[in-house]
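Student: This is a predicted model, with the sequence first.
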Amino acid sequence: MARGLVVSACALAVTFCAVPAASGVQPRTEPDPCAPAAARVAGGPASALFDRLGRDRSDLEPDEVVRLLDDLRAALRDRYGTDDETRLDGRLRRAAPITVPVRFHVLHSGADGRLTRAEVDRQIATLTTAYRSTDVTFRLDSVDYTDNDAWYRDPERYERTLKRRLRQGGAETLNLYTAAVGADVLGFSSFPQQYRQDPVLDGVVVDHRSLPGGAYQNFDLGYTAVHETGHWLGLFHTFENGCTAPGDGIDDTPYEAGPAQGCPEGRDTCPQPGADPVHNFMDYSHDACMREFTAGQGLRVRAAWAAYRAPAAEGRRTTLAAVAAHSVVPSR
Ligand SMILES: [Zn+2]
C-alpha cells in the first residue's frame, strides 16, 4: 500500500509503498493505544533508493507521469485507432467484461507467512469488492506455496529470481506474491506500461501481514493489495505531483499536496477545487479510511487494461469496428 513513501527506480520502475514506522505498525497481539501517527521508517532499500533519487512524497517525477500517460495514449491509438478513453470505454465495456485471472504465490519460511487457503480467498474477495465500481473482477486460478527463507524475508532482493521461477500467465494475469516484504514497505508493484519491456517483473508483492485479518494494525483489511493492484492496473497515487499538473492524470481526483496518513477527514492541501481524496484507495490512509475509486479511475483502469493487458489486444491492432463486431450488444 502506498503509505508514506513510494519510490520509482529508473523512469518506469517498480513502485514501492512504504509501511509506517514500526511504532505505527503494531502486531495485533500487542496493541498500543498510544502509538503515534504513521511515519516513514528510515533505512531499507526503498528509503536508500528514495534518498539517492532525491525524491519526496511523490513517487514519480512529473515528466515520468507524462511519459506514462503518453505511452498509454500511443498504445490505445495503435491498438484501437483512437486514444479517446471515454469513446473507447462504451464499446469495450459491452464487448468484454474484465475478469483478472490471479496466480497467488505464497512465500513462506516454515509456518511463518504460510497463509491458509481461506486467507487467500478473503484477499481475492476483498479485491473484487473494492473494484466493484470499476467493473473489474478477480478470479483465483491457482495458489502455490514456496518455502524459501531468503525469498520470504527479502523479496525485493530476490525479486527477479523468485518471479522468474514462479510467474505464470501473460499480461492479463495478476501474479500476486505474499512475503515478509520488510520493515519499510508494505508492498510494491509494476505499471502496465512496463510489461513489454520486462514481463518477468510484472506483478504485485504485498506483506502477508497486510491481508484481511493480518497482523499490521491499521493496515489489516487487505487494501494494500487493492492499492498495489491499482498501480498494476495503471493508476498513480492521488497525491502524484502534489498540487502541480498533471497531478495523477485523473480528472475527478482532487489535487493533494502529499499522502494522507491515518484518516485526515476534510483535509484540503491544494488551492484547486475539492478536498483531499483521503478515502481513495490510491492514497496512503489507514485501511479503515479507504473505500473508493472514482469514475475517472475506473475509466483509466479499463483503458490501461485495453491498451496493455486485454488478451484480444495483444499482438494485433483491434479497431473500434472490430470491437463492435464482437460485442454482444449491437453498437450504434
Ligand atoms: Zn503506491
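Tutor: Perfect, thanks for sending it. From a predicted model like this one, the values you see are computed outputs, not experimental measurements.
Student: my guess is Pro311 meets Gly169, correct?
Tutor: No: Pro311 is beyond contact range of Gly169, at 10.0 Å (criterion: C-beta atoms under 8 Å). Bear in mind the C-beta positions are built from the backbone N, C-alpha and C, glycine included.
Student: Compare neighbour counts for those two and give me the winner.
Tutor: Set side by side, Pro311 and Gly169 show more neighbours around Gly169, with 16 against 12, by other C-beta atoms under 10 Å.
Student: Need the three-state assignment for that one.
Tutor: Counting by DSSP: H, G, I helix; E, B strand; the rest coil, the backbone at Gly169 sits in coil.
Student: give me phi/psi at Thr294?
Tutor: Backbone torsions for Thr294, taken as degrees, to the nearest 10, come to phi -90, psi 170.
Student: quick one: least confident helix or strand in the protein?
Tutor: Sorting the helices and strands of the chain by mean pLDDT, DSSP states H and E puts helix 44-53 at the bottom, at a mean of 31.
Student: So which bits of the longest helix anywhere in the chain are buried?
Tutor: Secondary structure of the chain per DSSP state H: the longest helix is helix 62-80. By neighbour count with 16 or more other C-beta atoms under 10 Å, helix 62-80 contains the buried residues 64-65, 68-69, 71-72, 75-76, 79-80.
Student: residue ranges with poor pLDDT in the stretch 201-332 of the chain?
Tutor: Low-confidence segments of the stretch 201-332 of the chain, defined by pLDDT under 70, span residues 312-332.
Student: All the strands of it, residue numbers only.
Tutor: 204-207 (DSSP state E, counting those that start in this stretch).
Student: ranges for the helices of it?
Tutor: 223-232, 295-304, 320-325 (DSSP state H, counting those that start in this stretch).
Student: deepest of these, which one?
Tutor: helix 223-232 (a mean of 28; mean count of other C-beta atoms under 10 Å).
Student: What is it packed up against?
Tutor: Identification of packing neighbours for helix 223-232 by 3 or more C-beta pairs under 8 Å, 6 or more residues apart in numbering; DSSP states H and E yields strand 15-18, helix 117-130, strand 174-179, strand 185-189, strand 204-207.
Student: Could you confirm whether that helix reaches the ion?
Tutor: No: counting by C-beta under 5 Å from the ion, the ion has no neighbours in helix 223-232; the shortest distance is 5.5 Å.
Student: how close does the nearest residue to Gly234 once chain neighbours are set aside get to the ion?
Tutor: Of all residues not flanking Gly234 in the chain, Ala304 sits nearest, at 3.0 Å (C-beta to C-beta, 6 or more residues apart in numbering). Distance from Ala304 to the ion, counting by C-beta to the ion, to the nearest Å: 15 Å.
Student: i'd like the first residue to be 355 from this point on
Tutor: OK, 355 is where the count begins now, so the last one is Ala658.
Student: Surely Ala658 is in contact with Leu587?
Tutor: Yes: Ala658 lies in contact with Leu587 (C-beta under 8 Å); the separation is 5.9 Å.
Student: which neighbours do those two share?
Tutor: Pro546 (C-beta atoms under 8 Å, 6 or more residues apart in numbering).
Student: tell me the contacts of Ala428?
Tutor: Asp437.
Student: Sheet partners, orientation included, of the one helix or strand Val460 maps to?
Tutor: Element membership for Val460, per DSSP states H and E: strand 452-462. Partner strands and pairing direction for strand 452-462 (DSSP bridges) are strand 490-501 (parallel), strand 528-533 (parallel).
Student: Give me whichever of these is most buried.
Tutor: strand 528-533 (a mean of 26).
Student: ok, now how distant is the residue nearest to the spatial centre of the chain from Gly620?
Tutor: For the chain, Glu582 is the residue whose C-alpha lies nearest the centre (C-alpha atoms, centre = their mean; 2.3 Å). Glu582 sits 27 Å away from Gly620, taking C-beta to C-beta, to the nearest Å as the criterion.
Student: Contact partners for Ala579?
Tutor: By C-beta under 8 Å, 6+ apart, the contact list for Ala579 reads 477, 480-481, 530, 541, 558, 560, 564-565.
Student: try 6 Å
Tutor: 477, 560 (C-beta atoms under 6 Å, 6 or more residues apart in numbering).
Student: What separation is there between the closest residue to Asn634 other than its chain neighbours and the ion?
Tutor: What sits nearest to Asn634 in space, not counting adjacent residues and going by C-beta to C-beta, 6+ apart, is Thr592, at 4.9 Å. Separation of Thr592 from the ion (C-beta to the ion): 10 Å.
Student: and Thr592, how many neighbours?
Tutor: Neighbour count of Thr592, defined by other C-beta under 10 Å: 27.
Student: Next, work out how far apart it and Val490 are.
Tutor: From Thr592 to Val490 the distance is 18 Å (C-beta to C-beta).
Student: And Phe573, by the same measure?
Tutor: Counting by C-beta to C-beta, the gap from Phe573 to Val490 is 22 Å.
Student: likewise Tyr549?
Tutor: Applying C-beta to C-beta to Tyr549 and Val490 gives a distance of 17 Å.
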